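S.K.: only geometry, no sequence info:
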């Protein structure tokens, strides 16, 4: 090592000691509330955490089946990293803690591209944020990263990280037309469809690459890459209105629609009740139970069915306004065909597909497509399609339990990825602008509780159900991982079984990933890749999250400092 490098390490070692004197800013305005002493703290799913008190079960003298790793083992976390990589990681975490840079990142990058040019700007990003949080620009360049993770006992989740987020406001719950709310979109350009087809080719390459690295692999897919985001927002509105119609028909609020309730509701809104009520009710009640619940309703009343249903409406209303046009139905079929293409390729290769969660205004349409893919491809020896549940959303427990019941009823395997959530700021602003209730949990405790209870629920379900259920705990929260291991021991789930695995983002929380891998837990890293300009929304989110998570960033910096100090001492 050169004298200059040693001097840099010594200086860094001294400077990092000042981190502890920094005052943590208040997080009372974020979805997770203020920092709790002796507890874990996470701003989003991708956020890191401060270690909390271990649960009582880990104080037992007997050795559990799945021992909790020592997550403070800095050497195990960073032994595979070069000194150059550690210095870059430290620099990135320090940059993410400078509010001016984080808050003005978009404008600074635009200015840099204008003044210095794209090549110089991209080169600077590759040596800093892009180089740390992304594995490369294409599949060929990320192969060494994947192999290096594999050598450390860590699998890879290939994630094409380009994000397509079109601004759109959700519908307000009032009697305005959808045109007034700027929701109805009647034209979709050809280029967006052609771009979606190119994304399918990219995802197919992902699936093939995952398969080439061996079994038990994952590929990540964003549905907004398979269809126009404006179309997804429109379809989500239609699905929400179809659910609202169920709630109207369910006049006594017991969660099911009886024959009398159905007849009354149908005659209230539709003109052909005398001739069609019996036929439609029997269609929605194939088991002749005399009742229709929301699971059956949602499976029978998809967006593609709405034109047929609303053709008999007595007058135009929310549901008829939300009904997709003929053009939109055609585009919807194209999007479903793209999803089926990926599902078929994944099933053939034995690769699991993680369908990422996205903004609330898109999620109902995403869920609708995922449920159809699960029914088709989660029927053999394992679930191929995983849906994602953001536990910082208040409706997450209801969605999770409904989807589990749906899998049992329609006899397919269930796959879920649990995250805390990644769009807090935008979700709250959109809800506020539209006059809607805040969809985010009220505080950090509610988010933690939702996450841990969801893990426990799915592990318990995995041993009680005849259908296979698999869970990915995608979290950087150390306490949640420890609680999950406790639940595994409680229900007798072995760490090498496919029932549960853990995942963290590339470039974050290596002390969790590498120590889990060292102890033979099934653990994966999200490995994002893509051209620099395409992944900028992703990189900026990483920067904002690390800026918000002062405690977690400090923990990582201190552990990096510890490993750099050990290396310097070994050099004499």
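M.R.: Thanks, I have the structure now. Remember, predicted model here, so these are calculated numbers, not experimental data.
S.K.: the domain parsing of this protein - what is it?
M.R.: 74-242+323-570, 243-322 (automatic domain parsing).
S.K.: buried deepest among the ones you listed, which one?
M.R.: Each of these was given a mean neighbour count from mean count of other CB atoms under 10 Å, and the largest, a mean of 19, is that of domain 74-242+323-570. Any C-beta I mention is one placed from the backbone N, CA and C, and that applies to glycine too.
S.K.: for residue 67, which of the domains of the chain is the nearest?
M.R.: domain 74-242+323-570 (6.7 Å; CB to CB).
S.K.: the closest one: end-to-end distance?
M.R.: Domain 74-242+323-570 has an end-to-end distance of 15 Å (CA to CA, to the nearest Å).
S.K.: how distant is it from the center of its chain?
M.R.: Distance of domain 74-242+323-570 from the chain centroid (CA atoms, centre = their mean, to the nearest Å) equals 4 Å.
S.K.: just the mean pLDDT for it, thanks.
M.R.: Averaging pLDDT along domain 74-242+323-570 yields 86.
S.K.: can you list the domains of the chain in JSON lines and add distance to residue 65?
M.R.: What follows is those, written out as JSON lines (distance: least, CB to CB, whole Å):
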{"stretch": "domain 74-242+323-570", "distance to residue 65": "6"}
{"stretch": "domain 243-322", "distance to residue 65": "35"}
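S.K.: between these, which gets nearest to residue 68?
M.R.: The nearest among these, by CB to CB, is domain 74-242+323-570 at 5.4 Å.
S.K.: dump the residue contacts of the residue nearest to residue 521 when sequence neighbours are not counted.
M.R.: In this structure, residue 521 finds its nearest non-sequential neighbour in residue 495, 4.6 Å apart by CB to CB, 6 or more residues apart in numbering. Residue 495 makes contacts with 65-66, 485, 488, 519-522, as judged by CB atoms under 8 Å, 6 or more residues apart in numbering.
S.K.: sec struct for residue 495, please.
M.R.: coil (DSSP: H, G, I helix; E, B strand; the rest coil).
S.K.: what is whichever strand or helix holds residue 201 packed up against?
M.R.: Secondary structure assignment for residue 201, by DSSP states H and E: helix 190-212. Here helix 190-212 touches helix 139-151, strand 155-160, strand 218-221, helix 326-349, going by 3 or more CB pairs under 8 Å, 6 or more residues apart in numbering; DSSP states H and E.
S.K.: dump these into a markdown table; add distance to residue 383 as well.
M.R.: Putting the helices and strands packed on helix 190-212 into a markdown table (distance: least, CB to CB, whole Å) gives the following:
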| stretch | distance to residue 383 |
| --- | --- |
| helix 139-151 | 23 |
| strand 155-160 | 15 |
| strand 218-221 | 11 |
| helix 326-349 | 10 |
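S.K.: looking at these, which is closest to residue 102?
M.R.: Here strand 155-160 is closest among the helices and strands packed on helix 190-212 (CB to CB), at 22.3 Å.
S.K.: so what strands line up beside the closest one?
M.R.: The strands beside strand 155-160 in its sheet (DSSP bridges) come out as strand 218-221 (parallel), strand 523-529 (parallel).
S.K.: got the contact list for the closest residue to residue 151 other than its chain neighbours?
M.R.: Using CB to CB, 6+ apart and skipping residues adjacent in sequence, the residue nearest residue 151 is residue 80, 7.2 Å away. Residue 80 makes contact with 148, 151-152, 514, according to CB under 8 Å, 6+ apart.
S.K.: all good on my end, thank you.
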